[in-house]
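[1] any chance you can model this:
(one chain, ligands or ions: 1)
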Amino acid sequence: RTGLVSGIRPTGELHIGNYYGALKGLVELQERYDARYFIADVHSLTTHPKPDGLRGLVVETARNYLAAGLDPERCTLYAQSSVAAEVCELHAYLSMVMPLGELLRVPTFKDKAKRHPDNVNYGLVGYPVLMAADIFLVRTELVMVGEDQLVHLEVARAIARRFNQLYGDLLPEPQPLVGNAARIPSLSGQGKMSKSDDPAACIGLGDDERTVEEKTRRALSDPLRAYRHQPGHPTEDGCNVFRLHTFFTGEAEREEIAASCCEARIGCIDCKKRLAERLSGIVEPFRRRKGSIGEADALDALRLGRDKAKEAAGRTIADVRRAIGLQML
Ligand code: TYM
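    Sure thing, here's the model as predicted:
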């Protein structure tokens, strides 16, 4: 079976963007591919350098994966830190073939550096290189990511080409498999939904119905529609709430909402209520499933995955060392 890898950072509770862009597709993919899913806990140190609670976050993320329907017997589910020695070693080798200038131009780096100028660390620049190491460690042909990660995948592909040129064909150039060609916008209308940027503008997969409704009620809608009796602008660019409907509400209902909005028969509050219902329709069942998965289940799954991942990682490292001429004495 064709190999596939995907990762997610343990930044705490996942949000509906992660669900839509990644989790949703994973279950189906584990049936079709030799799937490896990992929790990028080493990556998370670039922005969340807090030892307290990291283990808990990893367990939490594993529970999320399991709640989404992953079967640890069918796929390989592991923590990145379970292969930390291997992934960091590979990262070092890959870093030598990656020009710094290109990394400094990666938009996600520039964006993070701008937003958190107090923590522009070396690891942040190397983030896509570490990501490439994740991919090449298991040497899969496919990488499942949301659209926001495609630039990082381009870096990985560039690294594979340079590495292979220097050392012979060893690393398969990975192809992206975009979970859902969408970037779920934040409720505030400011960029993509991201918990670290603005938790209030982000629907968490653990949010209860009331929280979903409250957050949605405060979402940015149509800035040109100041009063209920005015017609709105239900287009993707005209109204952030309508844009969110395009992801979560079926076409027929959406058209009906748009028509009512244009004729001012429906106000923003009603429209947001209906969006909140759709969002809860995803979050609630997820929350229920997660409630039945305990820490022990998550740890069992991660230990099983660790053993499988270590085996593959060991083989890659041996091949890479040989190819680059590092004879271990
Ligand atoms: P992370 O943890 O930010 O996100 C996990 C997955 O969710 C997708 N995603 C979204 N999709 C649509 N709309 C959004 N608003 C949204 N926010 C997040 C992401 O595209 C991702 O698929 N660098 C990665 C983790 C990683 C990785 C890897 C992935 C590390 N090494 C190797 C694949 C292969 C990240 O930070 O994802």
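[2] okay, now the unreliable bits of the stretch 51-200 of the chain?
    179-181 (pLDDT under 70).
[3] all strands for it, in order.
    76-79, 142-145, 175-178 (DSSP state E, counting those that start in this stretch).
[4] list the pairing partners of the last one within its sheet, with orientation.
    It refers to strand 175-178. strand 142-145 (parallel) (DSSP bridges).
[5] would the strand it pairs with count as contacting the ligand?
    Yes - Strand 142-145 lies within reach of the ligand by C-beta under 6 Å from any ligand atom, at Val143, Val145. Glycine gets a C-beta too; all of them are placed from N, C-alpha and C.
[6] ok now that strand, how far from the chain's centre?
    Relative to its parent chain, strand 142-145 has a centroid offset of 11 Å by C-alpha atoms, centre = their mean, to the nearest Å.
[7] what of stretch 119-134?
    16 Å.
[8] just give me the neighbour total for the closest residue to Gly206 other than its chain neighbours.
    Counting by C-beta to C-beta, 6 or more residues apart in numbering, Gly206 lies nearest to Glu13, which is 4.7 Å off, once chain neighbours are set aside. Look at Glu13: counted by other C-beta atoms under 10 Å, it has 16 neighbours.
[9] list the buried residues of stretch 299-314.
    Of all the residues in stretch 299-314, those buried under the rule 16 or more other C-beta atoms under 10 Å are Ala301, Leu302, Gly305, Arg306, Lys308, Ala309, Ala312, Ala313.
[10] make TSV out of these and add distance to the ligand and secondary structure.
    Shown next, in TSV, are the buried residues of stretch 299-314 (distance: C-beta to the nearest ligand atom, whole Å; DSSP: H, G, I helix; E, B strand; the rest coil):
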residue	distance to the ligand	secondary structure
Ala301	18	helix
Leu302	16	helix
Gly305	15	helix
Arg306	17	helix
Lys308	17	helix
Ala309	13	helix
Ala312	14	helix
Ala313	14	helix
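[11] and which of these is nearest to Ala92?
    Ala92 lies nearest to Ala313 out of these, by C-beta to C-beta, at 14.4 Å.
[12] pLDDT wise, what is that closest one at?
    On the pLDDT scale, Ala313 is placed at 97.
[13] hmm, it is touching Val87, no?
    Yes - using C-beta atoms under 8 Å, Ala313 is in contact with Val87, at 7.2 Å.
[14] which neighbours do these two have in common?
    Here Ala313 and Val87 have Leu137 as joint contacts, going by C-beta atoms under 8 Å, 6 or more residues apart in numbering.
[15] not counting its neighbours along the chain, what's nearest whichever residue of the chain sits closest to the ligand?
    Nearest to the ligand, among the residues of the chain, is Gly21, at 2.0 Å (C-beta to the nearest ligand atom). Of all residues not flanking Gly21 in the chain, Gly146 sits nearest, at 2.9 Å (C-beta to C-beta, 6+ apart).
[16] that neighbour contacts Ala22, doesn't it?
    Yes - in this structure Gly146 lies within contact range of Ala22 using C-beta under 8 Å: 5.6 Å.
[17] in stretch 150-166, which residues are buried?
    Result for stretch 150-166 [16+ other C-beta under 10 Å]: buried residues His152, Leu153, Val155, Ala156, Arg157, Ala158, Ile159, Ala160, Arg162, Phe163, Asn164.
[18] give me every residue in the stretch 101-250 of the chain lying close to the ligand.
    So far as C-beta under 6 Å from any ligand atom goes, the stretch 101-250 of the chain lies against the ligand at 131, 134-135, 143, 145-146, 148-149, 152, 182-184, 192-193.
[19] let's have those in a markdown table, adding distance to Thr47.
    Formatted as a markdown table, these follow (distance: C-beta to C-beta, whole Å):
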| residue | distance to Thr47 |
| --- | --- |
| Met131 | 14 |
| Asp134 | 17 |
| Ile135 | 20 |
| Val143 | 21 |
| Val145 | 18 |
| Gly146 | 17 |
| Asp148 | 15 |
| Gln149 | 15 |
| His152 | 15 |
| Ala182 | 23 |
| Arg183 | 19 |
| Ile184 | 20 |
| Lys192 | 15 |
| Met193 | 16 |
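[20] for those residues, which single residue is the most surrounded?
    Neighbour counts for these (other C-beta under 10 Å) peak at Ile135, which has 27 neighbours.
[21] check contacts around Phe242.
    Ser221, Asp222, Gly232, Pro234, Thr235, Glu236, Arg254, Ile257, Ala258, Cys261, Cys271.
[22] downstream of the strand or helix carrying it, the next helix or strand is which one?
    Using DSSP states H and E, Phe242 falls within helix 240-248. Note on helix 240-248: by DSSP H and E, the next helix or strand toward the C-terminus is helix 251-262.
[23] no further queries at this time; thank you.
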